[in-house]
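K.L.:
Could you work out the structure for the sequence below:
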Amino acid sequence: MFTSFNDFSRAAVRARRLFLAILLQEVAMDFETAQRPHRVTALFQDARLSFDIARKATLAQLVEQLSVLGEAHGGLPLSVDVRIAVKGRQ
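P.N.:
Here you go, the predicted model:
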């Protein structure tokens, strides 16, 4: 496969660069996922609203936000969908 030590050395350098590029890409993706907020969609009698909520938000904070929105949109939401931002599978 390799005819000389120099060929082997060049191939090793290329492999190392490729490995580092892949590693840096995964680190960037992990950071992006860690910073992404959760997404909430609430269906009210007269509207469908979507908004982001902080990753550290509590259930009580979500309920409070939904009740404030409900006052403007005819009462409690008919349904609530929460999308949790998680690290993607590799």
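K.L.:
Strands along the chain, start to end?
P.N.:
38-43, 48-53, 79-83 (DSSP state E).
K.L.:
is it possible to export the ones you listed to CSV including mean pLDDT?
P.N.:
Below are those laid out as CSV (pLDDT from 0 to 100):
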stretch, mean pLDDT
strand 38-43, 92
strand 48-53, 92
strand 79-83, 92
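K.L.:
ranking those strands by burial, who's on top?
P.N.:
Greatest average neighbour count among the strands of the chain goes to strand 38-43 (a mean of 17), per mean count of other CB atoms under 10 Å. Quick note: C-beta positions are derived from backbone N, CA and C, even for glycine.
K.L.:
got the contact list for stretch 41-51?
P.N.:
Residues outside stretch 41-51 that contact it (CB atoms under 8 Å, 6 or more residues apart in numbering) are 39-40, 65-66, 69-70, 73-75, 77-81, 83.
K.L.:
hang on, the earlier thing: what about the strands of the chain, which gets the closest to residue 61?
P.N.:
strand 48-53 (7.5 Å; CB to CB).
K.L.:
Kindly calculate the angle that the closest one makes with strand 79-83.
P.N.:
Counting by axes from the mean of the first three to the mean of the last three CA atoms, to 10 degrees, strand 48-53 lies at 40 degrees to strand 79-83.
K.L.:
and strand 48-53 with strand 38-43, angle?
P.N.:
Interaxial angle, strand 48-53 versus strand 38-43 (the same axes, to 10 degrees): 160 degrees.
K.L.:
Could you dump the strands of the chain into a markdown table and include distance to residue 61?
P.N.:
What follows is these, written out as a markdown table (distance: least, CB to CB, whole Å):
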| stretch | distance to residue 61 |
| --- | --- |
| strand 38-43 | 11 |
| strand 48-53 | 7 |
| strand 79-83 | 12 |
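K.L.:
For the protein, which helix or strand comes out least confident on mean pLDDT?
P.N.:
helix 5-35 (a mean of 58; mean pLDDT, DSSP states H and E).
K.L.:
Got the domain ranges for this protein?
P.N.:
Per automatic domain parsing, the domain ranges recorded for the chain read 1-35, 37-83.
K.L.:
what sits up against stretch 57-72?
P.N.:
With CB under 8 Å, 6+ apart, stretch 57-72 has contacts from 38, 40, 42, 44, 49, 51, 53, 76-77, 80, 82.
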